[in-house]
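In: Dropping a prediction and its sequence here:
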Protein chains: 2
Amino acid sequence: MAFNILVAHGGGPTAVINSSLQGLIEAARTSRCVDRIYAARYGAEGILSDDLIDLTDVPAEVIRRLHHTPASAIGSCRRKLTESDYPAVLECFRKHDIRAFFYNGGNDSMDTCNKINQLAIRENLDIRVIGIPKTIDNDLNLTDHSPGFGSAARYAGLNAAELALDASALPIHVVVLELMGRNAGWITAAGGLASRLTDCEQIIYLPELLVDPDKMLGDIEAAYAKGAGLLVTVSEGLCGLDGKPLADSGLVDGFGHSVPGGTAEYISSQIMSRLNIRSRAEKPGLIGRTSMAYVSEIDREEAYQVGCAAMEYALAGETGCMVAIRAERSSDYRSSLFQAPLAAVANVEKKFPLEWIEDGTHIADAFFDYALPLMGGEFPQYCNLRTSGGIL
Amino acid sequence: MAFNILVAHGGGPTAVINSSLQGLIEAARTSRCVDRIYAARYGAEGILSDDLIDLTDVPAEVIRRLHHTPASAIGSCRRKLTESDYPAVLECFRKHDIRAFFYNGGNDSMDTCNKINQLAIRENLDIRVIGIPKTIDNDLNLTDHSPGFGSAARYAGLNAAELALDASALPIHVVVLELMGRNAGWITAAGGLASRLTDCEQIIYLPELLVDPDKMLGDIEAAYAKGAGLLVTVSEGLCGLDGKPLADSGLVDGFGHSVPGGTAEYISSQIMSRLNIRSRAEKPGLIGRTSMAYVSEIDREEAYQVGCAAMEYALAGETGCMVAIRAERSSDYRSSLFQAPLAAVANVEKKFPLEWIEDGTHIADAFFDYALPLMGGEFPQYCNLRTSGGIL
């Protein structure tokens, strides 16, 4: 009997989602139980249009390149599957004799994955449905953290630190850095690494707290007046006291969420026009999820392992679950994997703990106790010769 | 007789300007002829206010951290020295018995350096005046290239490639990437590496050519319609047919140059409003000159060597020159250093060769023959499983 498998990516990619794909493929090849390995081209779109990629015979050395390839090598989409799509999904599964379906994604994708699992049960299909976690936003429930977050956080932290060094070496303007995260401040909080690695002043605004623009400008003016440079780090989804985004692109994505835009640019223009202080807004945007040079090695390894585990769970007959990560931080960081029920993951958003925000604009040590191991552990010691001793 | 030296940084820092500082300091320490090593805190400002940092006894292990520290460890400024500042400059040189002055900077700084040299000759000062080249913009005359460019180009090229992979894996929007370079397209051209490493469509606009916005939108619409994603790479200083920046921040910098702003954001909004296609604008901005993870090792090594050479030239009694780079590309890349007269470097802008722009929107191979060795040589081979074979 053929045991064919199908994997699909949902939503925005990360720097390490291809490592999960690599882990899945390599585990499938090792198992000797798997016949054909299919991937949906461009995620749900590929399932609905029966556009599958047969990966069974792709050479091992090509698969190994997934390790350093960002974005999704099989393609992804933001299309949310609805009830009317189910016949086409079933048709695809039946036509290709799919016995295990893997959906690699974030909150919305796990909701879809859960619905497909319920559909499979109702239709009495002989298929295992397994979720593989992936989101830079780190907002998936039950898992300690999500693959992709550690690398996005390392990107945010080190780039904020490097920018802070520039802002304090040439303190002619307030530098405003916009980081990804619509509703959750996990990535922006990681930008707080700049305050631990440099002596530049830094003020951080997470989307969890509504912002009073007047107070914000007052804080910026006071911090810049200290004279040693200032980095203002903000989340793209920052909202004013009315609960509306400070800057709104006017767009809505495929899952129906509104897309914020230009938050740093907006704050920067306010600094210039209302405080008469020069300012620059920097927005790496998607680069924060594509940059391979800032990948966290621990994140990449865990992404690989959740891919392997998904395959092993399916071979063991498990279904209706997402691979989740359990972490120990007592001495050295260690993690292990377990099965979280899809129904308990779907559409539950893990919130950034408000007690990790200090005085509204700084990040507590507790966050870094949690996040530093995920961000890859080792960080540089910089040199500042303007201050005595030269060591930061 | 005391032989004291003074080094100052001018203008915006690069990822490797601290390596030039390290080279200078380590060469000075090796020489045994140098007594005190001073640095001007915040560049010209430090000279004028007699605010020097004494680096003579800073431990060697602190100096070695300059290797991986971005921005300027001694501080920089954008103040241009004028005639009325000369008495204070002379006072600083005399008070601290400075016998060699090193100014590390770009075009404007080399102009200042040249004027200080003429001043020293007029005043009969026993001082050597040496320029150390530094600019991400690569527009210094006589030198094959400028330290700092290779790393900024590596950043531009690899980040454009990584973003192109994202744009083609999830082709739901046109991604517009803004790169640094007000008047010269050297860095933006390096973004063309994306077309060599990925199969994503890419259109590039350099500031050397005026842009017809209607034609630009037509080109974008046609390229996006091919369906495999589109990356539009633009220089921050892009101008319309009227010769004015497409987007203008309204700011003027300390050297009197107007500061462009939001070019990608502007183009992105035009794509959405006039073409009704989704678009995202990304602008890493200063990150393009601070990111240590994308440093080109060749660039860093050359930056170190020009610092060493500056010290050696001064000890040999040379003055009125800038350290310049001669490069050989016949088989393997090799470079050597020579002295370029400051008077011939000052205020002459090296232009990007127009024949390296093909069809207005693509970069010729000749540019990459020139730039690839400077960008650090080795580049990843990515994996795209959506296309047959999986290899890009």
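Out: Ah, there it is.
In: continuing past the longest helix seen in chain A, what's the next helix or strand?
Out: Of all segments of type helix in chain A, defined using DSSP state H, the longest is helix A:149-169. Sequence-wise, the next helix or strand beyond helix A:149-169 is strand A:174-179, with elements assigned using DSSP states H and E.
In: List the pairing partners of that next one within its sheet, with orientation.
Out: For strand A:174-179, the paired strands and their directions (DSSP bridges) are strand A:230-235 (parallel), strand A:279-282 (parallel).
In: Counting by contacts, list what the longest helix of chain A packs against.
Out: In terms of contacts (3 or more CB pairs under 8 Å, 6 or more residues apart in numbering or on different chains; DSSP states H and E), helix A:149-169 is packed against strand A:174-179, helix A:186-190, helix A:193-197, strand A:201-205, strand A:230-235, helix A:287-290, helix A:297-315, helix B:287-290. C-betas here are computed from N, CA, C, even on glycine.
In: Setting aside sequence-adjacent positions, which residue approaches A:G227 most closely?
Out: A:P171 (6.7 Å; CB to CB, 6 or more residues apart in numbering or on different chains).
In: Name the stretch from the helices and strands packed on helix A:149-169 that approaches B:L206 most closely.
Out: Among the helices and strands packed on helix A:149-169, the nearest to B:L206 by CB to CB is helix B:287-290 (15.4 Å).
In: Flag every residue of the stretch 201-350 of chain A that's near chain B.
Out: By the rule CB under 8 Å from any CB of the partner chain, the part of the stretch 201-350 of chain A lying against chain B is A:251, A:254, A:262, A:265, A:272, A:278, A:280-287, A:289-294.
In: hmm, back to that, only alpha carbons, please: show the longest helix of chain A as CSV.
Out: Written as CSV, here are the backbone C-alpha positions of helix A:149-169 (Å, rounded to 0.1, in the frame of the first residue of the first chain):
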residue,chain,number,x,y,z
PHE,A,149,11.0,33.6,16.2
GLY,A,150,14.5,33.1,17.4
SER,A,151,16.1,34.2,14.1
ALA,A,152,13.7,37.2,13.7
ALA,A,153,14.6,38.1,17.3
ARG,A,154,18.3,37.8,16.7
TYR,A,155,17.9,40.0,13.6
ALA,A,156,16.0,42.6,15.7
GLY,A,157,18.4,42.5,18.6
LEU,A,158,21.7,42.7,16.7
ASN,A,159,20.5,45.2,14.1
ALA,A,160,19.1,47.4,16.8
ALA,A,161,22.4,47.2,18.6
GLU,A,162,24.4,48.0,15.5
LEU,A,163,22.1,50.9,14.7
ALA,A,164,22.4,52.2,18.2
LEU,A,165,26.2,52.3,17.8
ASP,A,166,25.7,54.4,14.7
ALA,A,167,23.2,56.7,16.4
SER,A,168,25.6,57.4,19.3
ALA,A,169,28.7,57.7,17.1
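In: Tell me what angle that helix forms with strand A:174-179.
Out: Going by axes from the mean of the first three to the mean of the last three CA atoms, to 10 degrees, helix A:149-169 is angled at 170 degrees with respect to strand A:174-179.
In: average pLDDT for helix A:149-169?
Out: Summarised as a single mean, pLDDT over helix A:149-169 is 98.
In: Relative to A:D54, how far out is A:Y38?
Out: Taken as CB to CB, to the nearest Å, the spacing of A:Y38 relative to A:D54 amounts to 6 Å.
In: Same drill for those two, tell me which one is more crowded.
Out: A direct count of neighbours by other CB atoms under 10 Å in any protein chain shown for A:Y38 and A:D54 places A:Y38 higher, at 22 against 13.
In: Is A:A8 in contact with A:I98, as I believe?
Out: No. Taking contact to mean CB atoms under 8 Å, the distance of 10.8 Å between A:A8 and A:I98 leaves them out of contact.
In: Counting neighbours, go ahead and name the busier of these two.
Out: Comparing A:A8 with A:I98 by neighbour count (other CB under 10 Å), the higher total belongs to A:A8, at 30 against 24.
In: Now do the closest residue to that one other than its chain neighbours: how many residues are near it, please.
Out: Among residues not flanking A:A8 along the chain, A:A40 sits closest, at 3.9 Å (CB to CB, 6+ apart). The criterion is other CB under 10 Å. On that basis, A:A40 has 27 neighbouring residues.
In: same question, the one 3 residues further on
Out: A count of neighbours around A:G43, defined by other CB under 10 Å, yields 29.
In: could you list every residue that touches the nearest residue to A:I203 once chain neighbours are set aside?
Out: What sits nearest to A:I203 in space, not counting adjacent residues and going by CB to CB, 6+ apart, is A:T361, at 4.7 Å. Contacts here follow CB atoms under 8 Å, 6 or more residues apart in numbering or on different chains; on that basis A:T361 touches A:I203, A:I204, A:Y205, A:D219.
In: any idea which of those residues is closest to B:A2?
Out: When those are compared for distance to B:A2, the smallest value, 45.2 Å, is given by A:I203; criterion: CB to CB.
In: number of nearby residues for that closest one?
Out: Neighbour count for A:I203, taken as other CB under 10 Å: 22.
In: can you pull the contacts of it?
Out: Neighbouring residues of A:I203 by CB under 8 Å, 6+ apart: A:D219, A:I220, A:A223, A:L230, A:L231, A:V232, A:T233, A:T361, A:H362.
In: List only buried entries from the residues you listed.
Out: A:D219, A:I220, A:A223, A:L230, A:L231, A:V232, A:T233, A:T361 (16 or more other CB atoms under 10 Å in any protein chain shown).
In: And the helices in chain A, which stretches?
Out: Along chain A, counting by DSSP H, helices occupy A:17-31, A:44-48, A:60-64, A:86-95, A:107-122, A:149-169, A:186-190, A:193-197, A:213-225, A:263-275, A:287-290, A:297-315, A:342-345, A:365-371.
In: I'd like these written out as CSV, with distance to A:G131 added.
Out: As requested, the helices of chain A are exported to CSV (distance: least, CB to CB, whole Å):
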stretch, distance to A:G131
helix A:17-31, 11
helix A:44-48, 14
helix A:60-64, 22
helix A:86-95, 15
helix A:107-122, 4
helix A:149-169, 16
helix A:186-190, 20
helix A:193-197, 30
helix A:213-225, 39
helix A:263-275, 31
helix A:287-290, 20
helix A:297-315, 8
helix A:342-345, 6
helix A:365-371, 23
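In: how about the buried ones among the contacts of A:I203 in a markdown table, adding pLDDT?
Out: Conversion of these to a markdown table gives the following (pLDDT from 0 to 100):
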| residue | pLDDT |
| --- | --- |
| A:D219 | 97 |
| A:I220 | 98 |
| A:A223 | 97 |
| A:L230 | 98 |
| A:L231 | 98 |
| A:V232 | 98 |
| A:T233 | 98 |
| A:T361 | 94 |
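In: got CSV for the residues you listed, with distance to B:S49 too?
Out: Formatted as CSV, those follow (distance: CB to CB, whole Å):
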residue, distance to B:S49
A:D219, 29
A:I220, 26
A:A223, 23
A:L230, 21
A:L231, 25
A:V232, 28
A:T233, 31
A:T361, 32
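In: Considering the residues you listed, which is situated nearest to chain B?
Out: When the buried ones among the contacts of A:I203 are compared for distance to chain B (CB to the nearest CB), A:L231 comes out closest, at 10.4 Å.
In: Quick check: bridge partners of that closest one?
Out: According to DSSP bridges, the residues that bridge with A:L231 are A:V175, A:Q202.
In: can I assume it is in contact with A:A160?
Out: Yes. With contacts counted by CB under 8 Å, A:L231 reaches A:A160, the gap being 6.5 Å.
In: Overlap in contacts, the two.
Out: With CB under 8 Å, 6+ apart, A:L231 and A:A160 have common neighbours A:L177, A:A194, A:Q202.
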